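J.: please work out how this folds:
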Amino acid sequence: MSITAVPMKPIRRSILVYVWIGVALALVAAAALAMQAPADPVTSFLAKNRHAKGVVETASGLQYKVLSPGQGDAKPTDADVALVNYEGKLLDGTTFDKSQQPTPMPVTGVVPGFSEALKLMTKGSKYQFWIKPSLGYGDEAKGPIPAHSVLAFTVELLDFIPEATLRQMQMQQQMQMQQMQQGGGAPGAVPPAGGAAPGTVPPGQ
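T.: Residues are numbered from 1 along each chain as shown. So this is what the prediction gives:
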């Protein structure tokens with residue numbers, strides 16, 4: 001027993017032409033809609049800024065510009081604490097944070113983009129950084145910083161030391177403070193004029 005296939009009627013060439021014209025029109029319409037859609041301001045800014053004079057982009061997408069070169073070749077590592085002056089702004093120019101005095105910052109205690117930026121600097125250098133959202137706070141809002149924000153920082157690296165050394169210095173200061181509190185004054189302090197040191201008996205009595 002055999003099954004005889006019913007042949008399909010041939011499609012007229014004119015119909016195929018109309019089909020392809022319809023496909024072409026649909027593609028043109030889709031492209032027009034894509035062009036009308038608003039561009040992502042973050043993507044647009046970073047794409048333009050990477051071609052600005054003096055701007056360098058790292059493999060991670062961090063963008064930076066050297067404003068003033070530093071001294072030597074030594075740079076902070078993850079084990080260090082950096083002493084910096086800084087100012088952070090949004091792309092609209094709003095300042096969201098600014099140091100009032102030299103501020104210590106653990107290299108690993110900041111957002112990934114800022115940490116990477118610090119490790120590019122040498123002592124005495126001043127850089128400008130643009131940290132994209134994925135290297136900053138991402139889709140989280142932090143106080144005055146909206147979600148999906150590019151963070152623009154101007155940073156001056158004054159110095160850096162190992163975090164272990166800083167901890168040791170803090171412990172020594174705490175011990176000295178305790179000794180001062182227990183002894184009633186700084187070790188080796190001179191008694192106030194016109195009177196005996198606290199806890200002593202005046203001569204001749």
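J.: what about Asp97, helix or strand, and which?
T.: strand 95-98 (DSSP states H and E).
J.: name the residues of the helix or strand following that strand that are buried.
T.: Note on strand 95-98: by DSSP H and E, the next helix or strand toward the C-terminus is strand 103-106. Neighbour counts over strand 103-106 (16 or more other Cβ atoms under 10 Å) mark Met105, Pro106 as buried. (Glycine included, C-beta is placed from N, CA and C.)
J.: any idea of the mean pLDDT in the helix or strand that comes right after strand 103-106?
T.: Using DSSP H and E, the helix or strand that follows strand 103-106 in sequence is helix 112-118. Mean per-residue pLDDT for helix 112-118: 97.
J.: same question for the strand holding Asp97, mean pLDDT?
T.: Across strand 95-98, pLDDT averages out at 96.
J.: likewise stretch 26-35?
T.: Taken as a whole, stretch 26-35 has a mean pLDDT of 66.
J.: name every strand pairing with the biggest strand by length in the chain and say which way it goes.
T.: If you go by DSSP state E, the chain has its longest strand at strand 151-162. Under the criterion DSSP bridges, strand 151-162 sits next to strand 80-89 (antiparallel), strand 126-131 (antiparallel) in its sheet.
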